[in-house]
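Participant: Curious how this folds, go ahead:
(one chain, ligands or ions: 1)
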Amino acid sequence: MTNTLTLNNGVDIPALGFGVFQTPPAETAEAVAAALSTGYRLIDTAAAYANERGVGDALKASGSARDDVFIESKVWISDYGYDETLHAFEKSSRKLHVDVIDLFILHQALPGAFDKTIAAYKALETLLADGKVRAIGVSNFMIDHLTTLLDETDVVPAVNQIEVHPYFQQRDLQDFGTRHGILTQAWSPIGGITSYRGDDSKSTFNDPVIVEIAQAHEKSAAQVMLRWHIQHGVQAIPKSVKPARIAENFDVFDFELTPDEIARIDALDTGVRGGPEPEVVTLETFGRDIPED
Ligand code: NDP
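Facilitator: Okay, the predicted model is just below:
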């Protein structure tokens, strides 16, 4: 099984990456350093996480060759619009200390201001044409958002980064992406959102089916969920600030789930979203200033 996936423009992307949502800015460089030394070669951050600088600091301190690490970041909705999004790239690349961002994506659709969303995406197309980013994409786009985007722009998004874990699988949206060459990236891939919001009784980590499969392979629940994504061809970006878990989440290339085990995990879908409903995202409710530095 390969550790790399290929985007629709031929750019390779590691099948497993490292996320930093909710990683405090002061702890980000340390967590990313641990991830890089473990072997992760994709770091997923966002302007809205306020920790791009920590990612950039760790990348610089690691001494890694620039083309050895795949850096992904996201434009926040407050920076949508053509000129604003071009400027958002300047802000992100400065904080990340890089000239080129490997994958730059729109963090959310703005359903009530979709013209701004389209203008932001056109800025991504310009950044791509200018070689400032190697691939572009979107996040949290639903089928109708993607349909309009495909109608009104030229470059098919390389990825749609969406909530996918055993309890919320969005199969229709994933299938739509597959049909159009859009890779699904799973956020909360091990179902962090089913536990860090407080109610552990609904956590994927404690799911009896997942725990049973994990025991059969002498692996953890998190490792089984990551293996499930990999075998489905879904790109996953688990987050942790704990070095032991960072290592555990990367140690998933030495076992294989059976088709029956995959089917049992597929059957756990509840259809209940953990994150915000994409249709209700507005500048009024979710807008926030993204600082220059
Ligand atoms: P994850 O599914 O990655 O779970 C992370 C949570 O699980 C954290 O609370 C972490 O705690 C804990 N954890 C990590 N590893 C293990 C383990 N092996 N065993 C038990 N617990 C573990 O959820 P996230 O929501 O963080 O999603 C991952 C990434 O996806 C984000 O960091 C971000 O990059 C991206 N994302 C994107 C969104 C979007 O809108 N585009 C929305 C949300 C996330 P601890 O750190 O203490 O180990």
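Participant: neighbours around the residue of the stretch 51-200 of the chain found nearest the ligand, how many?
Facilitator: Residue of the stretch 51-200 of the chain nearest the ligand, by C-beta to the nearest ligand atom: Gly192 (2.1 Å). Glycine gets a C-beta too; all of them are placed from N, C-alpha and C. Gly192 has 22 neighbours, counted by other C-beta atoms under 10 Å.
Participant: how about it, what does it touch?
Facilitator: Going by C-beta atoms under 8 Å, 6 or more residues apart in numbering, Gly192 touches His165, Pro238, Lys239.
Participant: now the strands for the protein?
Facilitator: For the chain, the strands defined by DSSP state E occupy 4-6, 12-14, 18-19, 42-44, 70-75, 101-106, 133-139, 159-163, 183-187, 235-236.
Participant: and the longest one, which strands flank it?
Facilitator: I take that to be strand 133-139. Strand 133-139 has its sheet partners listed here by DSSP bridges as strand 101-106 (parallel), strand 159-163 (parallel).
Participant: Can you redo the ones you listed as CSV, where the extra columns are mean pLDDT, mean neighbour count and distance to the ligand?
Facilitator: CSV is the format used below for the strands paired with strand 133-139 (pLDDT from 0 to 100; neighbours: other C-beta atoms under 10 Å; distance: least, C-beta to the nearest ligand atom, whole Å):
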stretch, mean pLDDT, mean neighbour count, distance to the ligand
strand 101-106, 98, 26, 8
strand 159-163, 98, 25, 5
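Participant: Output those in CSV, with distance to Asp130 appended to each entry.
Facilitator: As requested, those are exported to CSV (distance: least, C-beta to C-beta, whole Å):
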stretch, distance to Asp130
strand 101-106, 12
strand 159-163, 20
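Participant: Which residue, neighbours along the chain excluded, lies closest to Ser62?
Facilitator: Nearest residue to Ser62 in three dimensions, chain neighbours excluded: Leu36, at 4.8 Å (C-beta to C-beta, 6 or more residues apart in numbering).
Participant: what's the neighbour count on Glu292?
Facilitator: Count around Glu292 with other C-beta under 10 Å applied: 9.
Participant: and it, what is it in contact with?
Facilitator: Contacts for Glu292 were tallied using C-beta under 8 Å, 6+ apart; they are Lys91, Arg94.
Participant: Can you read off the pLDDT for it?
Facilitator: What the model reports as pLDDT for Glu292 is 96.
Participant: same thing with Thr2?
Facilitator: pLDDT recorded at Thr2 is 53.
Participant: what about Glu212, neighbour count?
Facilitator: Summarising burial for Glu212: neighbours were counted as other C-beta under 10 Å, giving 13.
Participant: pLDDT at it, what is it?
Facilitator: Note for Glu212: predicted pLDDT of 98.
Participant: how far away is it from Thr184?
Facilitator: Separation of Glu212 from Thr184 (C-beta to C-beta, to the nearest Å): 26 Å.
Participant: Perfect, I'm done here.
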